[in-house]
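Engineer: please work out how this folds:
(one chain, ligands or ions: 2)
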Amino acid sequence: MTATIRIAPSILAADFTRLGEQIQAVEAAGADMIHVDVMDGRFVPNLTMGPLVVEAARRVTQMPLDVHLMMVEPDHLLPAFAEAGSSRISVHLEACPNLHRTLAAIRDLGCGAGLAINPHTPASLVSEVLHLLDVVLVMTVNPGFGGQRFLPETLAKIGQLRAMITASGREIDIAVDGGINVETAADVLHAGANVLVVGSAVYSAKFSVQEGMDRLRQVIANQPSA
Ligand code: DX5
Ligand code: ZN
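Structural biologist: Ligands and ions are numbered 1, 2, ... in the order given. Model prediction:
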C-alpha cells in the first residue's frame, strides 16, 4: 500500500515581503501543506522564524502547517508553536536527549509528532520511537539553508524506513527535505518517501509557483505506483 503523495512547499524560499500571497499561491497551485523551517542559529548556523510567523501563516490558509524545528532544547517552545496553529511539529533526533518526553508533549498539545533526522543519522535509531510518530522527516541535505544539493546516499535510508513502517503496520509519513526538485523527486518517491518538502523548486525567480508545482505534479503522475 503506497501512502498518498503530498507536496509541502517550504516558505523559507518565499518572498517574505509578501508572505501571505506566496502561501496562497502554492495553495491555489495544489499544495497539500505549508512547511515552516525554524532555525535557531545553534543547531544549525542560520536563524529564521518563530511562532509569530506560524501564527501569521495560520491566518491566510486552511492548509496544515508542518513546522520543522531545527533547534536545540525545543521543549519550552512547543506550547507556543502549538498555540500559533501548528498542525505537525517535527523535532531533531540529534537535538533531543529525551525523545519519548518531547514527542509525547507534541501529541499532548494536539499536534502531529514528527522526528527529523540528519543525513548521517541511521534509520535504526528511529525504531525505538516509531510508535510515537506521525511523520519521519528525512533530511536529504544538511539542514540550515535552502537551495542545497540533494545527497543521494540518503536514498537507502528512506527505503529502510519505509520497510520499517510497513512492518509496523502503522500509517506514518516519510517526508524528505532538501534539494527536492524535478530531477530528484522520482528517486525519493521510488525509495518510499510520500511527502516532498520543496523550497527553491517551487519558490523561484526563474518560474512561477504554478509552473514549479505543475512540474512536480508531473513527476508524481509519472510514478509507476501513482
Ligand atoms: C533545509 C530546510 C528545508 C529547505 C528546503 O534546512 O529544512 O526545508 O527549505 O529547501 P530546498 O528545497 O531549496 O532545498
Ligand atoms: Zn525543513
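Engineer: in three-state terms, how would the residue of the chain found nearest ligand 2 be classified?
Structural biologist: Proximity to ligand 2, evaluated over the chain using CB to the ion, is greatest for H68 at 3.7 Å. Using the backbone N, CA and C atoms, a C-beta is placed for each residue, glycine as well. At H68 the chain is in strand, as set by DSSP: H, G, I helix; E, B strand; the rest coil.
Engineer: wait, it touches I117, no?
Structural biologist: No - between H68 and I117 there is no contact under CB atoms under 8 Å: 11.8 Å.
Engineer: now for these two: what residues contact both?
Structural biologist: Here H68 and I117 have L137 as joint contacts, going by CB atoms under 8 Å, 6 or more residues apart in numbering.
Engineer: of those two, who's got more company?
Structural biologist: H68 (26 against 21; other CB atoms under 10 Å).
Engineer: residues near the nearest residue to T102 once chain neighbours are set aside, how many?
Structural biologist: Nearest residue to T102, sequence neighbours excluded (CB to CB, 6 or more residues apart in numbering): C96, at 4.9 Å. Using other CB under 10 Å, C96 has 21 neighbouring residues.
Engineer: hang on, C96 packs against M71?
Structural biologist: No - C96 lies out of contact with M71 (CB under 8 Å); the separation is 9.9 Å.
Engineer: OK, contacts around S86?
Structural biologist: With CB under 8 Å, 6+ apart, S86 has these contacts: 36, 54, 65, 67, 111.
Engineer: out of the residues you listed, flag the one nearest to ligand 1.
Structural biologist: Closest to ligand 1 out of those is V36 (8.9 Å), distances taken as CB to the nearest ligand atom.
Engineer: which residues touch the residue in the chain positioned nearest to ligand 1?
Structural biologist: Nearest residue of the chain to ligand 1: G199, at 2.7 Å (CB to the nearest ligand atom). Taking CB under 8 Å, 6+ apart as the criterion, G199 is in contact with 9-10, 12-13, 35, 37, 146-147.
Engineer: ok, D15 next?
Structural biologist: Residues near D15 by CB under 8 Å, 6+ apart: 22, 203.
Engineer: relative to V209, how far out is it?
Structural biologist: According to CB to CB, to the nearest Å, D15 and V209 sit 10 Å apart.
Engineer: over to I165?
Structural biologist: 31 Å.
Engineer: what does N98 give?
Structural biologist: 39 Å.
Engineer: please identify which of the two sits among more neighbours.
Structural biologist: V209 (22 against 10).
Engineer: does the spatially closest residue to that one that is not a sequence neighbour lie in a helix or a strand, and which?
Structural biologist: Using CB to CB, 6+ apart and skipping residues adjacent in sequence, the residue nearest V209 is A25, 4.2 Å away. Assigned by DSSP states H and E, A25 belongs to helix 19-28.
Engineer: list the buried residues of that helix.
Structural biologist: Buried residues in helix 19-28, counted by 16 or more other CB atoms under 10 Å: 19, 22-27.
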